[in-house]
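> the sequence and its predicted three-dimensional model are supplied below.
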Amino acid sequence: MTMLISSEKGNPSDVNWRTGVCAKMVKADLCGAKIIVFDSNNKSLIGTKGIIAKESQRTFVVVNKKNESKVILKKNSVFTVVLPTEGHNINLWGDMLLYKGSERTKIKFKERGSLNLY
């Protein structure tokens, strides 16, 4: 993930830069990425932080600081990926991640204005 971000030139606060990085992050393998559950149908998962240890087609297995693992459904969830650049994060919609990382590279995603979580 570090190489992905370092190859992107420009200002991280610029909208076009963030759009380009988001498009690449959706197709990236997210194992090892630090994430925070920003929104979910399961309200008890909101705010869960950790590192993605395993990714399946429909779930993430996240390990937190207490070395506990939690299974988080991707569908109807929004995840904040903490970037290695200081102070920058990207939100990813779980519905766009409903494939394994290796399968997401082959899929062309369409931009959507909003996502209904309820």
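Good, I have the coordinates.
> can we go C-alpha only for contacts and neighbour counts from here?
Noted.
> so what's G32 up against?
51-53 (CA atoms under 8 Å, 6 or more residues apart in numbering).
> SS state for it?
coil (DSSP: H, G, I helix; E, B strand; the rest coil).
> same thing with M96?
Using three-state DSSP, the structure places M96 in helix.
> same check, this time on V26
helix.
> same deal with Y99?
coil.
> quick one: it from G47, how far?
23 Å (CA to CA, to the nearest Å).
> looking at those two, which is more packed in?
More crowded of Y99 and G47, by other CA atoms under 10 Å: Y99, with 19 against 15.
> what are the phi and psi values for the nearest residue to the more buried one once chain neighbours are set aside?
In this structure, Y99 finds its nearest non-sequential neighbour in Q57, 4.6 Å apart by CA to CA, 6 or more residues apart in numbering. Q57 adopts backbone torsions of phi -60, psi -40, taken as degrees, to the nearest 10.
> how many residues are close by Q57?
Neighbours of Q57 (other CA under 10 Å): 13.
> likewise V37?
Using other CA under 10 Å, V37 has 22 neighbouring residues.
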